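Undergrad: here's a sequence, model it:
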Amino acid sequence: MFGTILISIITLMHVYVFWRAAGVPVVQRHISRKFLIGWGVVLWTGFYLGRVYGHHGNGLSAAVIEFFGMNWMAVLFLLFTALLVLDVATGFGLLFKRHVSRLRGWALLAGSLLSIVALFQGMRPPIINTYDVQLSGLPRQMDGTILVAVSDMHIGSLLGEQWLAARIEQIEGQKPDLVVLLGDIFEGHTSPPEALIRILSRLKAPLGVWAVLGNHEFHGNANTAENLFTSAGIQVLRNRWAEVRPGFSLGGVDDLTSIRRSGRSKQPLKQLLSDRPPGVAVLLSHTPWEVEQAATAEIDLMLSAHTHGGQIWPFSYLVRTRYPFLEGRYDVRGMTLLVSRGAGTWGPRMRLWHPSEILRVTLHRKPNRRH
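TA: Numbering: from 1, shown residues only. Here you go, the predicted model:
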């Protein structure tokens, strides 16, 4: 259903962008209508093949087709947005009639320049965002503990072995005591190569490497994804708690969006919160939903991801309507919530004003406990 809706929307965007481009004076002078239509069909085909064949295929050819198709989708979105903003500002051509065609040319140029910036930002390695979090009742021996949180790497599609190896080195450079993977580590449409699992197994930390499943791990078989993590030496928290140190526990819940889409009435987070252990409790949830419930259950720190921060502005405004906790730090009834933009990208290797990130969280002991 998602694929059908996406292809339909992108098709309409193609029609709109090429319709408007056909009326730009410089285009009219140098490009025939037939050539413009043919080029539009070629680009639409490239997107379609990237979505259907490239995204679900393996090998170099599939990766190249996906890279082209998905990046063109993002370029098209930025061109569409620039033209639509101009159309709204000019009353869809009713205002500034003498200049509107030329202005549409400038809108296409603006969209193209934004696309270049987005491609540059999307290809850059993730930044390290640092946070200091005070936790009441944190065991004294854990004061100053460094927790590194990584999410949304989407390895196995456009992001492969070299990219993953570089991220492992980047994480190790933070000298973490504890590493948590917040879901969508695997792209999920096909089984990742064994080489990726071997590289992932290099990830080590004194207090362990822990993971929860994201929605992409549910695209295939969730148990298979769990086994992949386990084979890499990573402990998976599927709707359960684990005591990392006396008085300090990690809890993990399966992706909430996948549970909702499946139509299951089971509420694993509600059950997990009802079983909250004593001491400091840190909750890992791929999707930043049901945050108020977590705060009411006196969770001390919640770590989430999934949103990519919107990935490409201004798409972030639409994402925020569904995920109000979009990115960064929030205080919810005394609970700290950190939402990561993710280390990788989904679809296009492009980001605009929302760079990829890895979270470095230093835990500090707070003298007085609130519960």
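Undergrad: could you pull out the helices for the protein?
TA: Taking DSSP state H, the helices of the chain run over residues 2-21, 25-30, 33-49, 60-89, 100-123, 161-172, 194-200, 222-231, 256-262, 268-274, 291-296, 315-322.
Undergrad: relative to residue 151, which of these is closest?
TA: Closest approach to residue 151 among these is made by helix 161-172 (11.4 Å; C-beta to C-beta). To be clear about C-beta, it is placed using only N, CA and C from the backbone, and glycine gets the same treatment.
Undergrad: among the helices of the chain, show the one with the smallest mean pLDDT.
TA: Ranked by mean pLDDT, these end with helix 256-262 at the bottom, a mean of 84.
Undergrad: that older thread, take the helices of the chain and write them to CSV, including distance to residue 215 and mean neighbour count.
TA: Shown next, in CSV, are the helices of the chain (distance: least, C-beta to C-beta, whole Å; neighbours: other C-beta atoms under 10 Å):
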stretch, distance to residue 215, mean neighbour count
helix 2-21, 11, 15
helix 25-30, 41, 12
helix 33-49, 22, 14
helix 60-89, 18, 19
helix 100-123, 21, 18
helix 161-172, 20, 16
helix 194-200, 19, 18
helix 222-231, 10, 16
helix 256-262, 5, 16
helix 268-274, 14, 16
helix 291-296, 17, 18
helix 315-322, 13, 14
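Undergrad: and of those helices, who's closest to residue 132?
TA: From the helices of the chain, taking C-beta to C-beta, the stretch that ends up closest is helix 161-172, at 18.7 Å.
Undergrad: what's in contact with stretch 328-336?
TA: 131, 133, 291-292, 294-296, 298-302, 337-339, 370 (C-beta atoms under 8 Å, 6 or more residues apart in numbering).
Undergrad: same thing but at 10 Å, please
TA: 129, 131, 133-136, 281-283, 288, 291-292, 294-304, 309, 324-325, 337-341, 357, 359, 361, 370-371 (C-beta atoms under 10 Å, 6 or more residues apart in numbering).
Undergrad: just the buried ones from these, in ChimeraX syntax?
TA: Per 16 or more other C-beta atoms under 10 Å, the buried members of the contacts of stretch 328-336 correspond to this ChimeraX selection:
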select :129,131,133,135,281,282,283,288,291,294,295,297,298,299,300,301,302,303,304,309,325,337,338,339,340,341,357,359,361
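Undergrad: thinking again about what came up before, could I get the helices of the chain as a markdown table with distance to residue 250?
TA: Listed next are the helices of the chain as a markdown table, based on distance: least, C-beta to C-beta, whole Å:
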| stretch | distance to residue 250 |
| --- | --- |
| helix 2-21 | 31 |
| helix 25-30 | 57 |
| helix 33-49 | 41 |
| helix 60-89 | 34 |
| helix 100-123 | 31 |
| helix 161-172 | 17 |
| helix 194-200 | 19 |
| helix 222-231 | 14 |
| helix 256-262 | 17 |
| helix 268-274 | 11 |
| helix 291-296 | 13 |
| helix 315-322 | 27 |
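Undergrad: between those helices, which gets nearest to residue 237?
TA: helix 268-274 (9.3 Å).
Undergrad: show me what the closest one is in contact with.
TA: Applying C-beta under 10 Å, 6+ apart, the external contacts of helix 268-274 come out as 237-241, 251-254, 256, 259, 267, 281, 283, 285, 287, 289-290, 293-294, 296-299.
Undergrad: inside strands: which ones of the contacts of stretch 328-336?
TA: 129, 131, 133-136, 281-283, 301-304, 337-339, 357, 359, 361 (DSSP state E).
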